[in-house]
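> next come a sequence and a model predicted from it.
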Amino acid sequence: MSNPWTGRCLCGAMQYESRGDPLAQLICHCRDCQRASGSAGLPVIVVRTTDFAFKGEIRSYTRTGGSGMPTTRNFCPHCGSLLFGTPHHAPEIVTIYAGTLDDPSRFNAEFAQFMSERHQLDVHQPEIPQHLRRAP
Ligand SMILES: [Zn+2]
Ligand SMILES: [Zn+2]
């Protein structure tokens, strides 16, 4: 068994932990994940519900997702960070949004999904300047 996977929201009011190895690691490019996160796609770690615990207040909303089944997305009511999903059709799993990990270097995508909905904004563009940090 690996070290616990820990993470938190931007303001720190909500923290989570998952013990045990993830079931999968992926990047989801569906339009729902794009809109929910404001980004080109969401890095996701799938873990067992029985391995997962969190501290702090969360707020959530439910919407029918790309699977055609309702999915609940959970976020911090103080800072708005999107933290994890709880799919209704698979109550045995939690989908942690990997950008909230304390150690994002542990994330290692095994596959990407909803490539049909992927946007050009996510495509690597070697002809434009690449900045390691914020552009000057
Ligand atoms: Zn927060
Ligand atoms: Zn998605």
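Arrived safely. Ligands and ions are numbered 1, 2, ... in the order given.
> now do the contacts for the one residue sitting closest to the centre of the chain.
Central residue of the chain (C-alpha atoms, centre = their mean): Tyr97, 1.5 Å from the mean position. Residues near Tyr97 by C-beta atoms under 8 Å, 6 or more residues apart in numbering: Ser37, Leu42, Pro43, Val44, Leu82, Leu83, Phe84, Gly85. Just so you know, the C-beta spots here come from the backbone N, C-alpha and C atoms, and that holds for glycine as well.
> now render the residues you listed as JSON lines, adding secondary structure, pLDDT and neighbour count.
Formatted as JSON lines, those follow (DSSP: H, G, I helix; E, B strand; the rest coil; pLDDT from 0 to 100; neighbours: other C-beta atoms under 10 Å):
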{"residue": "Ser37", "secondary structure": "helix", "pLDDT": "92", "neighbour count": "17"}
{"residue": "Leu42", "secondary structure": "strand", "pLDDT": "91", "neighbour count": "22"}
{"residue": "Pro43", "secondary structure": "strand", "pLDDT": "94", "neighbour count": "22"}
{"residue": "Val44", "secondary structure": "strand", "pLDDT": "95", "neighbour count": "23"}
{"residue": "Leu82", "secondary structure": "strand", "pLDDT": "97", "neighbour count": "19"}
{"residue": "Leu83", "secondary structure": "strand", "pLDDT": "97", "neighbour count": "24"}
{"residue": "Phe84", "secondary structure": "strand", "pLDDT": "97", "neighbour count": "24"}
{"residue": "Gly85", "secondary structure": "strand", "pLDDT": "96", "neighbour count": "23"}
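> with distance to ligand 1 added, can I get those residues in CSV?
Formatted as CSV, the contacts of Tyr97 follow (distance: C-beta to the ion, whole Å):
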residue, distance to ligand 1
Ser37, 15
Leu42, 18
Pro43, 19
Val44, 19
Leu82, 10
Leu83, 9
Phe84, 13
Gly85, 17
